[in-house]
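# below is the structure, and that's it, no one-letter string:
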């Protein structure tokens, strides 16, 4: 199971008009602890940022699943709240539990389509409670590093 951490990186960005501006952008990393999350986001960002940058904030992100996509147009991340409906066998009452899933898609319609496609094999009944675009710039899942490097 993945432990997701949202890391906010602060750096000086060159804007379209050529001016420098301090920006803080959120990224998502898979890590075991806050310390590892900080180390991983620094390693991931070094190749992309010239000059100084700081990790301004790290917080846990509660995503139970991630649906990534390789399509060029799918450059945005959407937080999807799913409501699972189960039947309590003792009382016979319906019980609802919620979970958060992150979906990479081009737009809102595409996110719902990819969410439904990703949930296709599931046996549980679910409803989509909400789908909203996040500010996430990129997501860095855990990958095993070869010790021979």
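Okay, I see it. Keep in mind that this is a model prediction, so the values were computed, not measured.
# residue 80 and residue 55, how far apart?
From residue 80 across to residue 55, the span is 27 Å (CB to CB, to the nearest Å). Bear in mind the C-beta positions are built from the backbone N, C-alpha and C, glycine included.
# how about the nearest residue to residue 13 once chain neighbours are set aside, what does it touch?
The shortest distance from residue 13 to any non-neighbouring residue, by CB to CB, 6 or more residues apart in numbering, is to residue 23 (4.7 Å). For residue 23, the contact set (CB atoms under 8 Å, 6 or more residues apart in numbering) comprises 10-13.
# next one: residue 142
For residue 142, the residues meeting the contact criterion (CB under 8 Å, 6+ apart) are 2, 30-31.
# of these, buried ones?
The neighbour count (16 or more other CB atoms under 10 Å) marks 2, 30-31 as buried among these.
# from the residues you listed, which ones fall inside strands?
residue 30 (DSSP state E).
# any chance of the buried ones among the contacts of residue 142 in a markdown table with pLDDT and distance to residue 71 as columns?
Putting the buried ones among the contacts of residue 142 into a markdown table (pLDDT from 0 to 100; distance: CB to CB, whole Å) gives the following:
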| residue | pLDDT | distance to residue 71 |
| --- | --- | --- |
| 2 | 80 | 22 |
| 30 | 95 | 21 |
| 31 | 95 | 26 |
